[in-house]
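J.: Following is a predicted model, sequence given first.
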Amino acid sequence: MRSSTSIIRKKLLRKGAEANLYQGYWFGKKVIFKHRIEKAYREKTLDLNIRAMRTLNEGKALIKVKEEGINVPQVYEIDMKSALIIMKYIEGQRLKDLMSNLINSQKIQIFYDIGRQVARLHINGHIHGDITTSNLLITDDNQVFLIDFGLHEYSDTIEDKSVDLHLFKRVLISTHGSDFKSCFHAFLEGYKSEYKLSEKDESKIIIKNISAIERRGRYVKRDKKEHG
Amino acid sequence: MKFNTKLVLGIESTAHTWSVGIMGFNGEVFSLVNDTFIPDKGGLHPYLVKEQHLNNFKKVIREALRNANCKIRDIDLIAFSKSPGLGPILKIGAQVARILGQLLNIPIIGVNHCIAHIEIGRLMCNIEDPLTLYVSGGNTIVSAFESGRYQIFGETLDIPIGNMIDMFARDIGLSHPGGPKIEKLAQESKNYLELPYIVKGMDLSFSGLYTAAKRLIESNSLNKIYQISDVAYSLQETAFAMLTEVTERALAHTGKEEVLLTGGVAANKRLQEMIAYISKEHNAKFQAVPLKYAGDNGIMIAWTGVLRYTAEEKNNYLNIKIDPKERMDNLPIPWRGEKK
């Protein structure tokens, strides 16, 4: 039996949009407590459903994705009822906060690596659902870790994979406009290079489909539509 | 009467509302007159809307001038909505503006309707740099100013929230505008029925939610297991929770310190309550634009016209081509250029 002192929740690290992150210890291991807090603005049943489902979804996804050799935090405990995941603490910084301290060549390398990690996800039928620079951790030795799998889905369709890339592209344009071109290019290069190693290289079709999704968006000029 | 400021006349003409507002270059409002098309049944038929606007445009301009206690010759600038919106209706605003500009020999300027919603919110609520949730019959957008643009962080992937609520209202026999009636109906229930909740990143999808709600009111269980008010309540709760979630996510992502709620749906008290809640959670100041300026109105066009005209005076007769599908994140915002 473990004693209550084996699990220590120490300090609040960050108040995210849907969860509070605490740093603490779990049987001597340095961990993150990701607690999806109650949202009093939401209808109670809906709130419980969303938090429980996303907790389970994220916990399962992290375990599964880690098995595929993708850099994500190790999960130690999932508690659906209180919407809590305890996972390994990754020493690093959010890419969003790091961007302004990086020189161009470092950015290119990091985005190339992100592309490879995302390709590994997609090759194995995982859709992250919310790739942003807030959901990417960069360790001190420049390793890329993917976090926040609350919107994860299983899918092997071109469409879902393209949407995943499209959302990331949108975030880069809106948040890191001046770096967008070079970084997204590096990202796609990394993505393609990793996809090449898989049995079925669909990366070109997936990337091409991004523009089809963009054309479907609201208020997009459709006159440049490609045919065939 | 003499004014101690230059005067702008703004024309809003993107959809159901033909609205004319007169204000000073200093931000002082002198008059605002709306003429709104209300369909007998169904939605907005562009042809019928166009007919009404064409019949009434002069009357509305006259009334606005009279209320402002000024003459058309006192006006120094004409601003009109050039995008986005229904093509035939945008055209009326553009043509009236051109005619007035040429007759009076004064500059005219076209402005983007979505940007105008944000700018009038900044003026009326006295806030500087908000994260904006803009919700109406034609748009559902989460936007903030970054890298010189009003960037779109999240938006609907299919139908706008106001459109969805209006369609549902029509399905249950409520006349236009449906929003306030659905809000009232929802207050009669606390019984939540499960409905699809669809958020993709910071984007939203409402069409599945609408279909599921429609199925509930078509089902034999209606009035037996649940009431129509339960469906209205659940529809509103689900849709607004989705909006609030993406707004909160964008707020956490951008780190903005102010939140602005605007557009016609901003009048909904329940939505206001939810957005106020998450704003407080993130220590951000929350403001809902007063209804008069949250819905489509000529003053927001006038004010944005002043901003754009002052920032790029040389463009007088250039930037006036209508564009029904223009995205606001494609447009430079020279009057806010000082901020990163």
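T.: Noted; the coordinates are in hand. Numbering: from 1, shown residues only, chains lettered A, B, ... in the order given.
J.: what about the helices in chain B?
T.: Ranges of helices in chain B, per DSSP state H, are B:46-68, B:87-104, B:113-124, B:161-171, B:179-186, B:207-218, B:228-254, B:269-281, B:291-294, B:298-311.
J.: swap that for chain A, sorry
T.: A:44-67, A:95-98, A:104-123, A:158-175, A:180-195, A:203-216.
J.: Strand partners (parallel or antiparallel) of the worst-scoring helix or strand of chain B on mean pLDDT?
T.: Every helix and strand in chain B was compared by mean pLDDT, DSSP states H and E; the lowest is strand B:199-200, with a mean of 87. Using DSSP bridges, strand B:199-200 pairs in its sheet with strand B:203-204 (antiparallel).
J.: show me the contacts for residue B:288.
T.: Contact analysis of residue B:288 by Cβ atoms under 8 Å, 6 or more residues apart in numbering or on different chains lists B:260, B:261, B:262, B:266, B:272, B:275, B:276, B:294. Every C-beta, even on glycine, is put in place using the N, C-alpha and C of the backbone.
J.: From the residues you listed, list just the buried residues.
T.: B:260, B:261, B:262, B:266, B:272, B:275, B:276, B:294 (16 or more other Cβ atoms under 10 Å in any protein chain shown).
J.: before we move on, back to that, any idea how far the least confident helix or strand of chain B is from the chain center?
T.: 22 Å (Cα atoms, centre = their mean, to the nearest Å).
J.: surely residue A:206 meets residue A:163?
T.: No. Residue A:206 is beyond contact range of residue A:163, at 9.9 Å (criterion: Cβ atoms under 8 Å).
J.: what's the domain layout of chain A?
T.: A:4-88, A:92-216 (automatic domain parsing).
J.: What parts of the stretch 151-300 of chain B come near chain A?
T.: B:151-153, B:155-157, B:192, B:194, B:197, B:199-203, B:234, B:237-238, B:241, B:244-245, B:248-249, B:251-254, B:273-274, B:277-278, B:281-282 (Cβ under 8 Å from any Cβ of the partner chain).
J.: Please name whichever of the helices of chain A is nearest to residue B:69.
T.: The minimum distance between residue B:69 and the helices of chain A falls on helix A:158-175, with 44.0 Å, by Cβ to Cβ.
J.: For the closest one, give the mean pLDDT please.
T.: The average pLDDT for helix A:158-175 rounds to 92.
J.: now check it, is it near chain B?
T.: Yes. Residues of helix A:158-175 are located near chain B by Cβ under 8 Å from any Cβ, namely A:163, A:167, A:170, A:171, A:173, A:174, A:175.
J.: If you count neighbours, what's buried in stretch A:188-198?
T.: Across stretch A:188-198, burial judged by 16+ other Cβ under 10 Å covers A:188, A:190, A:191, A:192, A:194, A:195.
J.: Using the centroid of chain B, identify the residue furthest from it.
T.: residue B:224 (38.3 Å; Cα atoms, centre = their mean).
J.: now, among the buried ones among the contacts of residue B:288, which is nearest to residue B:113?
T.: residue B:262 (11.7 Å).
J.: So for the closest one, what's the nearest residue that isn't a sequence neighbour?
T.: residue B:289 (4.3 Å; Cβ to Cβ, 6 or more residues apart in numbering or on different chains).
J.: Now do the one you found: how many residues are near it, please.
T.: A count of nearby residues for residue B:289, using other Cβ atoms under 10 Å in any protein chain shown, gives 25.
J.: Then residue B:144?
T.: Residue B:144 has 25 neighbours, counted by other Cβ under 10 Å.
J.: Name the spans of the chain whose pLDDT lies under the cut-off.
T.: Chain wasn't specified; assuming chain A. Under the criterion pLDDT under 70, the flagged ranges of chain A are A:1-5, A:217-228.
J.: You answered for a different chain; I wanted chain B.
T.: Using pLDDT under 70, chain B drops low at B:1, B:314-319, B:338-340.
J.: Could you tell me how far the most centrally placed residue in it is located from chain A?
T.: The centroid of chain B falls nearest to residue B:263 when counting by Cα atoms, centre = their mean (3.5 Å). Going from residue B:263 to chain A by Cβ to the nearest Cβ, to the nearest Å gives 15 Å.
J.: Look at the nearest residue to that residue once chain neighbours are set aside and say how many residues are nearby.
T.: Among residues not flanking residue B:263 along the chain, residue B:136 sits closest, at 3.5 Å (Cβ to Cβ, 6+ apart). Residues lying near residue B:136 (other Cβ under 10 Å) number 24.
J.: does residue B:136 really touch residue B:268, like I thought?
T.: No. Counting by Cβ under 8 Å, residue B:136 does not reach residue B:268; the two are 11.3 Å apart.
J.: Count the residues that sit near the closest residue to residue B:237 other than its chain neighbours.
T.: Leaving aside its chain neighbours, residue B:237 sits nearest to residue A:43 (4.3 Å; criterion: Cβ to Cβ, 6+ apart). Residues near residue A:43, counting by other Cβ under 10 Å, number 18.
J.: do you know how far residue A:43 is from residue B:207?
T.: Between residue A:43 and residue B:207 the computed distance is 21 Å (Cβ to Cβ, to the nearest Å).
J.: again with residue B:233
T.: Applying Cβ to Cβ, the value for residue B:233 to residue B:207 is 20 Å.
J.: Then residue A:157?
T.: 19 Å.
J.: circling back: so which of residue B:233 and residue B:207 has more stuff around it?
T.: Neighbour count, other Cβ under 10 Å: between residue B:233 and residue B:207, residue B:233 has more, with 24 against 16.
J.: contacting residues around the residue lying closest to the more buried one once chain neighbours are set aside?
T.: Closest residue to residue B:233 apart from its sequence neighbours, by Cβ to Cβ, 6+ apart: residue B:189 at 3.8 Å. Residues near residue B:189 by Cβ under 8 Å, 6+ apart: B:227, B:229, B:230, B:232, B:233, B:234.
J.: Can you turn the buried part of these into a ChimeraX selection?
T.: Buried residues among the contacts of residue B:189 (16+ other Cβ under 10 Å), as a ChimeraX selection:
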select /B:229,230,232,233,234
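J.: picking up where we left off before, the residue nearest to residue B:262 is in contact with residue B:120, isn't it?
T.: Yes. Residue B:289 is within contact range of residue B:120, at 6.9 Å (criterion: Cβ under 8 Å).
J.: Which single residue in the stretch 1-150 of chain B comes nearest to chain A?
T.: With Cβ to the nearest Cβ as the measure, residue B:147 is the residue of the stretch 1-150 of chain B nearest to chain A, at 3.6 Å.
J.: How about that residue: what's its closest non-neighbour residue?
T.: Residue nearest to residue B:147 in three dimensions, not counting chain neighbours: residue A:177, with 3.6 Å by Cβ to Cβ, 6+ apart.
J.: again, but for residue A:203
T.: Leaving aside its chain neighbours, residue A:203 sits nearest to residue A:195 (3.6 Å; criterion: Cβ to Cβ, 6+ apart).
J.: ok, now residue B:269?
T.: Distances taken as Cβ to Cβ, 6+ apart put residue B:183 closest to residue B:269, at 7.0 Å, once the chain neighbours are dropped.
J.: give the contact list for the spatially closest residue to residue B:337 that is not a sequence neighbour.
T.: Residue nearest to residue B:337 in three dimensions, not counting chain neighbours: residue B:148, with 6.5 Å by Cβ to Cβ, 6+ apart. Counting by Cβ under 8 Å, 6+ apart, residue B:148 touches A:177, B:332, B:333, B:336, B:337.
J.: The fourth one: neighbouring residues, count only.
T.: Neighbouring residues of residue B:336 were enumerated by other Cβ under 10 Å; the total is 17.
J.: dump the residue contacts of it.
T.: By Cβ under 8 Å, 6+ apart, the neighbours of residue B:336 are B:145, B:148.
J.: can you rerun that using 7 Å?
T.: Residue B:336 is in contact with residue B:145, counting by Cβ atoms under 7 Å, 6 or more residues apart in numbering or on different chains.
J.: Great, nothing more from me.
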